[in-house]
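Asker: What follows is a protein structure lacking sequence information:
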Ligand SMILES: Nc1ncnc2c1ncn2[C@@H]1O[C@H](COP(=O)(O)OP(=O)(O)OP(=O)(O)O)[C@@H](O)[C@H]1O
Ligand SMILES: [Mg+2]
C-alpha cells in the first residue's frame, strides 16, 4: 500500500538534543506520512538511534516539538496551557508506537509465548486466551510457532529477533521503529529477519521507521530514505535518488565507503 | 541413659522455639528487605530517606541492644511484647536491614535494556517491576538471602538473654542441672548445623527450580 497523502502521522519540528556538551541532534525537522516506510541511514554516531529512542520516549528532547498521530508527544494541554507530559499522557502516546531493539531485549525468564502475551494482557486487559491466540498467529507469521514454549536462551539470534518483532506487534501499534535489528546477527541469520520485515512492509499498513546498515534492503524496503550526518538530515528522497544518484557529497562519500566495505547497494 | 532422653527432649523443645523464631524472623526480614530495598530506589525522597534511616540504624546498632529495646524498653512506652514477639521483631528488623541492601543491589544489577523493553511495551512502573525486574532480580538475591537466613538462625541464640527457651537456653539449663557440658553443647552444635544445612539446601533447590531453562541472567 502506498503512503497516503493524509496529514503526517509523525511531525518532528526543530528538535535538539544534547548529551552533556555534545549536541547529537541539531534543530532537526522532518515528517512521516501514514503507512510510509522510511529508512534512516548514515554514519555511526549521526543520531539515528537517538531519534528512534526519542520517539519511543526512552530519551527526552531539549527543545522543539514532536507530534504523533495529531498529539503532542512530550507536552499536553491542561487548562489551556502547554505542560510537560505526565505519565498517563505518555502511556496514551506509547500505545501508538512499538520498537524493536538491536539486542532484542527479550525477557529471559519468560518463554517465547509469554514474552509475546505479557504486554497485551497487562496494558490492554486482553484475556490470556485471546492474547495467546493472537500471539500464536504472530509467532506463526514470523515462523516460530513451534518455539512457543522455548526459553529465549534456547533460540538463535535470528529467532530471538523474530520473537521481539512478534512481541512488539502484539500491541498493534500504528508506528513501528526498528533500530538496526539485524546488526547483532551472524550473517547467515540476517535473511530470516529481513524476510519478516519485508512481509510487514507489504502486508500491513503500519508506518515503519527503519535504521539500518543493510543498504540493499533499505533500497527495496523504503518509500523514502533519509541520510543523516552529525544530527542533521543531509539528503531526503526516494531510494533510487539516494542510492543511485546522491546529490550531496557526504552521501556519495558514505555510500562509497559502505560499498567498499562489501555491502550490496 | 533414661535421664539423657529427658534432657534431649528439653533441648528438642528448645529447637522448636529456635525454628519458629527463624521462620517468623525470616518472614519479617523478607518483608522489611523488600520494603526498604524498594524504598531506597524510590522516586520519592521521603521513601528513600526512611529506608536509608532504617537500614543504617539497624546495621549500626547491635542485635543485643535491639532485642533489649524490644523486650525491656518498649513496654515503658506501652508496647508489651512476649519474648517470642520481641525476638522475632528484633531479629527480623536486624536481618531485614542487611537483606534490604541485597534487594537493592540485585534490582540495580538488572540491565537498562530490560527497563527500556518495559517502556516500549507500555508497562507502567509497577508492572515492569512486578513482571520483569523482580523475577529476574529475585534469583540473584536468593544465595545471599540464604546466608542472611543462616545468620538469623545463629543470631537467634541471643533471645536466651530475655529468657526465651530456645535451643541455646535449654542447653544451658541442661548443663546447670547435670553439670555436664559436652552433652548439651555437642547436641546443639549438631542441631544448629543441621538446621543451617536445611536452609542451604532449600535455597539451592529453589534457585535451581527458578532458573530452569534460563541462562544469561546469572552473572
Ligand atoms: N546516553 C548517552 N550519553 C552520552 N552520549 C550518547 C548517549 N547516547 C548516544 N550518545 C552519543 O550520541 C551520538 C549519536 O548516537 P546514536 O546512537 O544516535 O548514533 P547512531 O546514528 O545510531 O550510530 P550507530 O550507527 O553507531 O548506531 C553518538 O556520538 C553517541 O556516542
Ligand atoms: Mg544506532
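Answerer: All right, it came through fine. Quantities reported herein were computed from a predicted structural model and do not represent experimental measurements. Ligands and ions are numbered 1, 2, ... in the order given.
Asker: For chain B, which residue occupies the most central location?
Answerer: Nearest residue to the geometric centre of chain B (CA atoms, centre = their mean): residue B:26, 3.4 Å.
Asker: Could you check what's spatially nearest to it, not counting adjacent residues?
Answerer: Leaving aside its sequence neighbours, residue B:26 sits nearest to residue B:149 (CB to CB, 6 or more residues apart in numbering or on different chains; 5.0 Å). Heads up, the C-betas are built off the backbone N, CA and C, glycines and all.
Asker: Which strand or helix spans the one you found?
Answerer: helix B:134-155 (DSSP states H and E).
Asker: list the helices and strands the following helix or strand past that helix packs on?
Answerer: Once the chain leaves helix B:134-155, the next helix or strand it forms, by DSSP H and E, is helix B:167-178. Judged by 3 or more CB pairs under 8 Å, 6 or more residues apart in numbering or on different chains; DSSP states H and E, the packing partners of helix B:167-178 are helix B:2-40, helix B:182-210.
Asker: Distance check, the closest residue to ligand 1 within the stretch 51-200 of chain A against residue B:115.
Answerer: Closest residue of the stretch 51-200 of chain A to ligand 1, CB to the nearest ligand atom: residue A:180 (6.1 Å). Distance of residue A:180 to residue B:115, computed by CB to CB, to the nearest Å: 20 Å.
Asker: Same question for residue B:138.
Answerer: Taking CB to CB, one finds residue B:138 at 16 Å from residue B:115.
Asker: now swap in residue A:64 and tell me
Answerer: 25 Å.
Asker: With residue A:261 instead?
Answerer: 34 Å.
Asker: circling back to that earlier point, and for the helix holding residue B:149, what's in contact with it?
Answerer: Contact with helix B:134-155 is made by A:108-109, B:18, B:22, B:25-26, B:29-30, B:33, B:63, B:91, B:94-95, B:98-99, B:102-103, B:106-107, B:109-110, B:114, B:192, B:195-196, B:199-200, B:202-204, B:206-207, B:210-211, B:214, B:217-219, as judged by CB atoms under 8 Å, 6 or more residues apart in numbering or on different chains.
Asker: mind listing what's buried in it?
Answerer: By 16 or more other CB atoms under 10 Å in any protein chain shown, the buried positions in helix B:134-155 come out as B:134-142, B:144-153, B:155.
Asker: when you check ligand 1, which of the residues you listed turn up near it?
Answerer: The subset of those within reach of ligand 1, by CB under 6 Å from any ligand atom, is empty.
Asker: So which residues on chain A come close to chain B?
Answerer: Residues of chain A found near chain B (CB under 8 Å from any CB of the partner chain) are A:56-58, A:87, A:91, A:94-95, A:97-99, A:101, A:103, A:105-109, A:111, A:118-119, A:122-123, A:151, A:153-154, A:167-168, A:171.
Asker: right, so of the helices and strands packed on helix B:167-178, which gets closest to residue B:126?
Answerer: Evaluated over the helices and strands packed on helix B:167-178, closeness to residue B:126 peaks at helix B:2-40, with 10.5 Å, by CB to CB.
Asker: In this structure residue B:160 contacts residue B:87, no?
Answerer: No: the criterion here is CB atoms under 8 Å, and residue B:160 misses it with residue B:87 at 9.6 Å.
Asker: So which of the two has more stuff around it?
Answerer: Set residue B:160 next to residue B:87 and count neighbours by other CB atoms under 10 Å in any protein chain shown: residue B:87 wins out with 29 against 22.
Asker: And the residue nearest to that one when sequence neighbours are not counted, how far from residue A:59?
Answerer: Distances taken as CB to CB, 6+ apart place residue B:159 nearest to residue B:87, at 3.9 Å, with adjacent residues excluded. Going from residue B:159 to residue A:59 by CB to CB gives 53 Å.
Asker: picking up where we left off before, the helix holding residue B:149: how far from the chain's middle?
Answerer: Between the mean C-alpha location of helix B:134-155 and the chain-wide mean there is a distance of 8 Å, by CA atoms, centre = their mean, to the nearest Å.
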